[in-house]
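Asks: quick one, fold the following:
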Amino acid sequence: MNKKKIAGAVLSMLVILIAASCDRNKNGSGNIIEMRTPTKAVENFLGKEIVDILQNADSVESYLIEQFKAPKPNLLAGYPIIEKGPNLTDEQKRDAVSILFNDKSYDFSILKKCMFVPQFGLKFKKGNASVVVLLYYGCDMMVFAHGSREIMTNFDPSHHQMQAITGDLFQDRKGGK
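Replies: The predicted structure follows:
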């Protein structure tokens, strides 16, 4: 009888630990952990110039984009723009930066073998400089584009948090809520 109670207690603790680890970007209340500076792993991955633009962006624009690069006018990091969405609010900008600066938002160990066909873009603007973050929810892959540099990563752990932001911006579109 005691063995069954102990096994039940251990199983209950495991379920609680697994559930708590699922949203690693959130604190106990379910809110995004605010991060004003990147973790060392993120800073090393992105580089100081990209981090500076993300951290000190004057504005963040949102875009719905075509899924394949094309030599057309009105491009965002090489992808034709379907529609410009609203600029991110201060709260959305803070949440996006907090997600992007947290190394727990990414799985750096896996680069998936899937075609990158992004649906959404966020353009962080600081003066004349900008960083574009392209999002593809089908594979949970993200690209940071700055100048001629493109950095791809897997954002499985922060899928729901990023989708909440783009969902608020494009509620009536795919990838929205």
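Asks: from now on I want contacts and neighbour counts done on CA atoms only, so please keep to that.
Replies: OK.
Asks: which element is the closest residue to residue 50 other than its chain neighbours on?
Replies: Once flanking residues are discounted, residue 50 sits nearest to residue 131: 6.6 Å by CA to CA, 6 or more residues apart in numbering. In the assignment (DSSP states H and E), residue 131 maps to strand 129-136.
Asks: the helix or strand following that strand vs strand 129-136, what angle?
Replies: Sequence order places strand 141-146 as the next helix or strand after strand 129-136, per DSSP H and E. Interaxial angle of strand 141-146 relative to strand 129-136 (axes from the mean of the first three to the mean of the last three CA atoms, to 10 degrees): 170 degrees.
Asks: walk me through which strands the helix or strand that strand 141-146 is followed by pairs with, and which way each runs.
Replies: Remark: after strand 141-146, the chain's next helix or strand is strand 149-154, criterion DSSP H and E. The pairing partners recorded for strand 149-154 under DSSP bridges are strand 141-146 (antiparallel).
Asks: residues making contact with the strand it pairs with?
Replies: With CA atoms under 8 Å, 6 or more residues apart in numbering as the test, strand 141-146 has contacts from 50, 77, 112, 116, 130-136, 150-156.
Asks: pLDDT score assigned to the closest residue in space to residue 133 that isn't next to it in sequence?
Replies: Among residues not flanking residue 133 along the chain, residue 144 sits closest, at 4.7 Å (CA to CA, 6+ apart). Residue 144 carries a pLDDT value of 96.
Asks: bridge partners for residue 144, pull those for me.
Replies: residue 133, residue 151.
Asks: quick check: it vs residue 47, distance?
Replies: As judged by CA to CA, to the nearest Å, residue 144 and residue 47 stand 11 Å apart.
Asks: quick one: which of these two has more around it?
Replies: In terms of neighbours (other CA atoms under 10 Å), residue 144 is the more surrounded of residue 144 and residue 47; the figures are 20 against 11.
Asks: thanks a lot, catch you later.
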